[in-house]
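Colleague: Using only what follows, build the 3D model:
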Amino acid sequence: MTTTTRAAATPTRTAPPRAGSRPFGLARHSLALAGRSLIKTLRTPEQLLDVTLQPIIFVLIFVYLLGGAISGSQHAYLEFLLPAIMVQTVLFASIATGVSLNTDIEKGVFDRFRSLPIARSAPLVGSVVGDLVRFVVSIVVLFAFGYALGFRIGTDVLSTLAACLLTIAFAFAVSWIGVLLGVVMRSPSAVQGTAFLVLFPLTFGTNMMVPTDTLPGWLQWWVGVNPVADVMSATRGLVVGGPVAGPVTRSLLWTVGLIAVFAPLAVRAYRRRA
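Modeller: Numbering: from 1, shown residues only. Reported below is the predicted structural model:
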């Protein structure tokens, strides 16, 4: 008698796919965490004081203190200054992304995120996307206050909307520098101090307050290679009129370049820290 033994087929377990590998997983998780960031901002509206009061203060100081001396007319200087102030205000608002991120890391919030089945980079992307509302609020407040002072758009609504979107896109790219600082720095105050050291020469070393041809030669060179100056020139041309093709092209290239460089660096630094 011959006995035939059949080996029972052993079921193989397939590891569940990682959250980041699922279709649109990163996008869904990032949007969920962006909603968390938005809720946190709405529950503590004092976080919006910098993006509501700061542009008003800058406009009042620069227009009424320097407008008569530089342009001879405060209204003419308001037309020249306000689009550049929009860029400056949104860039300063991007600092809060790194500060808030560092605060969450220090409080252990990101330790809870690591225990969730979500993409590893979702907390970073969610923080950046959630802070976009701060950029929108600052732009709305600035234009509303500018109109109260007599500012008027010199082009059309679509061009002005394009200027706002360009400014927000560039600030989104700069936010990744803040995210990188928020991950590698040890305290929120260190993040804020370092970010201001980076942004001050980038924002004030531009044609924001005076035309480029009135600057000394070495400063004109700096304005020529400064990406913030390109964004200010682009927004000024789109809002009040002027050349836009060159500044807009360079601004978009800078935006893509900053994201391509600093977003992977921030994610890598976060994974090493996590």
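Colleague: ok now stretch 167-184, how far from the chain's centre?
Modeller: The chain centre lies 5 Å from the centre of stretch 167-184; the measure is C-alpha atoms, centre = their mean, to the nearest Å.
Colleague: what mean pLDDT would you report for that stretch?
Modeller: For stretch 167-184, mean pLDDT rounds to 91.
Colleague: quick one, what contacts I153?
Modeller: T160, V239, V240 (C-beta atoms under 8 Å, 6 or more residues apart in numbering). To be clear about C-beta, it is placed using only N, CA and C from the backbone, and glycine gets the same treatment.
Colleague: now with 7 Å?
Modeller: I153 is in contact with T160, V239, counting by C-beta atoms under 7 Å, 6 or more residues apart in numbering.
Colleague: can you check F262 too?
Modeller: Shown in contact with F262 (C-beta under 7 Å, 6+ apart): W176, I177, L180.
Colleague: Enumerate the positions of stretch 191-208 that are buried.
Modeller: By neighbour count on 16 or more other C-beta atoms under 10 Å, the buried set for stretch 191-208 is V191, Q192, T194, A195, L199, L202, T203, T206, N207, M208.
Colleague: and those residues, which two are the farthest apart?
Modeller: V191 and N207 (28.4 Å; C-beta to C-beta).
Colleague: on that earlier part again, so which of the contacts of F262 would you say is closest to I95?
Modeller: Distances from I95 to the contacts of F262, taken by C-beta to C-beta, are shortest for I177, at 9.4 Å.
Colleague: what helix or strand is the closest residue to that closest one other than its chain neighbours on?
Modeller: With sequence-adjacent residues excluded and distances taken as C-beta to C-beta, 6 or more residues apart in numbering, I177 is closest to F262, at 5.2 Å. Using DSSP states H and E, F262 sits within helix 245-273.
Colleague: Quick check: the residue nearest to I177 vs V51, distance?
Modeller: Plainly put, F262 is 22 Å away from V51 if you go by C-beta to C-beta, to the nearest Å.
Colleague: and P117, which of the three is it?
Modeller: coil (DSSP: H, G, I helix; E, B strand; the rest coil).
Colleague: What separation do you get for it and T160?
Modeller: 43 Å.
Colleague: of the two, who's got more company?
Modeller: T160 (19 against 12; other C-beta atoms under 10 Å).
Colleague: so T97 touches W176, yeah?
Modeller: No. Contact criterion C-beta atoms under 7 Å: T97 and W176 do not qualify, at 8.6 Å.
Colleague: Who are the contact partners of V267?
Modeller: S121, L124.
Colleague: what about 10 Å?
Modeller: Each residue near V267 by C-beta atoms under 10 Å, 6 or more residues apart in numbering is listed here: R120, S121, L124, V125, W176, V179, L180, V183.
Colleague: okay, those in a markdown table with neighbour count and distance to I56 next?
Modeller: As requested, the contacts of V267 are arranged in a markdown table below (neighbours: other C-beta atoms under 10 Å; distance: C-beta to C-beta, whole Å):
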| residue | neighbour count | distance to I56 |
| --- | --- | --- |
| R120 | 17 | 40 |
| S121 | 19 | 36 |
| L124 | 28 | 31 |
| V125 | 22 | 31 |
| W176 | 25 | 28 |
| V179 | 29 | 28 |
| L180 | 24 | 30 |
| V183 | 24 | 32 |
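Colleague: can you tell me which of the residues you listed are in helices?
Modeller: L124, V125, W176, V179, L180, V183 (DSSP state H).
Colleague: Excluding chain neighbours, give the residue nearest to the second one in space.
Modeller: What it means is V125. S30 (3.9 Å).
Colleague: The one you found: what secondary structure?
Modeller: helix.
Colleague: Neighbours of it, how many?
Modeller: 22.
Colleague: got a list of what it touches?
Modeller: I118, A119, S121, A122, P123, L124, V125, G126, S127, V128, V129, G130 are the contacts of S30 under C-beta under 10 Å, 6+ apart.
Colleague: Tell me how far Q220 lies from G246.
Modeller: Distance from Q220 to G246, by C-beta to C-beta: 16 Å.
Colleague: follow-up on the earlier one: same list (the ones in helices among the contacts of V267) but as JSON lines, adding distance to D104.
Modeller: Listed next are the ones in helices among the contacts of V267 as JSON lines, based on distance: C-beta to C-beta, whole Å:
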{"residue": "L124", "distance to D104": "11"}
{"residue": "V125", "distance to D104": "14"}
{"residue": "W176", "distance to D104": "16"}
{"residue": "V179", "distance to D104": "12"}
{"residue": "L180", "distance to D104": "15"}
{"residue": "V183", "distance to D104": "11"}
